[in-house]
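Trainee: give me a 3D structure for the following:
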Amino acid sequence: MNVIVNIHGGNDKVGFNVQHVRNVLKGERKKRFKIRDAQAGLDLLHRFIEGSGYKYFIRTEVDEENHLKCLVWIDSRCIMAYQNFGDVVAFDTTYRTNRYAMPFVPFTGVNHHYQSVIFGFALMRDEYASTFGWIIRTWLEGVGNKPPLTIITDQDQAMESAIAVLLPNTTHLLCSWHISQKIPEKLGHYYSAFQEFKTDFNHCIYKSLTECIFEARWASFVEKYHLQEHKWLNGLYELKRKWILAYTRNTFSAFQISTSTSEGMNSFFDKYVSSATGLKEFIENAQKALARQFMRAKEEDYVTINQKRPMKMHTTLEYHASCIYTKKMFRRFQDELVESSKYFVEKDRRASEEGEIMWDVYTYYSFYRPMSESTRRNVYFVAFEKVSFLGMCTCRMFEHSGYLVDTYWRSSLRNGFRKFPYIT
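Mentor: Take a look at the predicted model:
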């Protein structure tokens, strides 16, 4: 830039500045890896393949000029982790810490200790639907062509298009955190103009237990603040089944409502890579991060096996749970078990009969919040089918998070509460 300025006789005589030059260079770096760096990185991956007894998976895609465009690599430990914990996958493309400013995509989930776990890595040059399609298709091949039950992503139309084609039977949820980050920008005027706006909005979005409650609160919220014609908000409402908890409770997501596992993994990788990291070093450090992650899981395995769990309720149920759950999951179950002691249970007289199926319905409400119309939102209903004693509950905790609270569930009965019109 200094040379160009000297040639033309001053900054004001040049039609661009330093930032423009940087942007051009960044664009060129995205288009092509340095040949030596790319080859060194690929050579390293091939050594990993040989060292793992050819259990390592690697695929590359090049452009018409034979420049590396996309890269997917999966360690054998990632493949094993996916077989055990791959029901829910978070897919985030916001991490770009590498020399080429390319999106780095770790496929992540959670394990039985509720720690972040990696199911594979990808680097991609652009974010077109065709590129996302290649990445997802290749990654699926690497993990045995077993699609996840649920995939969580940010709000990207190109990604959404690729997922709809390649994962038709997978439930696609949107990261609620990414959406919430846009709310102050899109609704900032209402935040400043109305003191209760934020409270009302959060109460509607995050505190609605059922779909019916959400719909009633949403209608009231929109009418109160005259938002019927707000384009962005109407767009969010149309996507409600992908991010509103009242709807996504029906989907198993291992208690994840955002790509936070990916974002947490991004912070974890910050310790190992930087904006100056080339491909070979990037791959080496990604492997170090992966090794550290699996070491943490082994440490938790040891604690789970060898450390005694403190009891709070001293019941047979609590003791049995302590024997079968990991330490982390036992604590979550234990908190729910303690909380359940604060609720009063009544058998509802309005038990329903559907054909030949008889249902017993129970009402749960807190000792400290007496049953009334004003506290009806704090009331839970549990129904049992009399013959099989299969049950379902309005909180849908088991179906959403995978651990038991008040009753047992089965996914085929997840819409069963629509049979009880008095439950709102």
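Trainee: ok so residue 280 is a strand residue?
Mentor: No - the assignment for residue 280 is helix, going by DSSP: H, G, I helix; E, B strand; the rest coil, so no strand is present there.
Trainee: mind showing which ranges of the protein have poor pLDDT?
Mentor: Applying pLDDT under 70 to the chain flags the ranges 26-37, 54, 94-101, 257-277, 349-357, 367-378, 403-424.
Trainee: work out for me the element residue 82 sits within.
Mentor: Secondary structure from DSSP states H and E places residue 82 in helix 76-85.
Trainee: quick check: buried residues in that helix?
Mentor: Neighbour-count burial for helix 76-85 flags 77, 78, 79, 81, 82, 85 (criterion: 16 or more other C-beta atoms under 10 Å). For glycine as for every other residue, the C-beta is placed from the backbone atoms N, C-alpha and C.
Trainee: what do you get for stretch 169-188?
Mentor: 170, 171, 172, 173, 174, 175, 176, 178, 179, 183, 187.
Trainee: now, those residues that are in helices?
Mentor: 176, 178, 179, 183, 187 (DSSP state H).
Trainee: and the second one, how far is that from residue 52?
Mentor: The reference is to residue 178. Distance, residue 178 to residue 52, by C-beta to C-beta, to the nearest Å: 35 Å.
Trainee: residue contacts, the nearest residue to residue 300 once chain neighbours are set aside?
Mentor: In this structure, residue 300 finds its nearest non-sequential neighbour in residue 113, 4.2 Å apart by C-beta to C-beta, 6 or more residues apart in numbering. Residues near residue 113 by C-beta atoms under 8 Å, 6 or more residues apart in numbering: 297, 300, 301, 304, 326, 327, 328, 329.
Trainee: considering those residues, which is situated nearest to residue 345?
Mentor: residue 329 (24.7 Å; C-beta to C-beta).
Trainee: wait, that closest one sits on residue 114?
Mentor: Yes - when contacts are counted by C-beta atoms under 8 Å, residue 329 is listed as touching residue 114 (6.9 Å).
Trainee: would you map out the domains in the chain?
Mentor: Domain assignment for the chain by automatic domain parsing gives 1-31, 33-175+258-298, 182-248, 308-338, 342-419.
Trainee: out of these, which is the most enclosed?
Mentor: Of all these, domain 33-175+258-298 has the most neighbours on average by mean count of other C-beta atoms under 10 Å, namely a mean of 18.
Trainee: how near is residue 78 to residue 64?
Mentor: 31 Å.
Trainee: mind listing the strands for the stretch 201-350 of the chain?
Mentor: Assigned by DSSP state E, counting those that start in this stretch, the stretch 201-350 of the chain shows strands spanning 343-347.
Trainee: thinking again about what came up before, and the next element down the chain from the helix holding residue 82?
Mentor: With DSSP H and E, the next secondary element past helix 76-85 is strand 88-91.
Trainee: other SSEs contacting the helix or strand following that next one?
Mentor: With elements assigned by DSSP H and E, the helix or strand that comes after strand 88-91 is strand 104-110. With contacts defined as 3 or more C-beta pairs under 8 Å, 6 or more residues apart in numbering; DSSP states H and E, strand 104-110 has these neighbours: helix 76-85, strand 88-91, strand 116-124, helix 260-269.
Trainee: hmm, back to that, quick check, nearest of the contacts of residue 113 to residue 290?
Mentor: For these, the residue nearest residue 290 by C-beta to C-beta is residue 297; the value is 11.0 Å.
Trainee: can you give me the distance of that closest one to residue 208?
Mentor: Residue 297 is 35 Å from residue 208, by C-beta to C-beta.
Trainee: could you do residue 14 as well?
Mentor: 57 Å.
Trainee: just say helix, strand or coil for the residue nearest to residue 300.
Mentor: coil.
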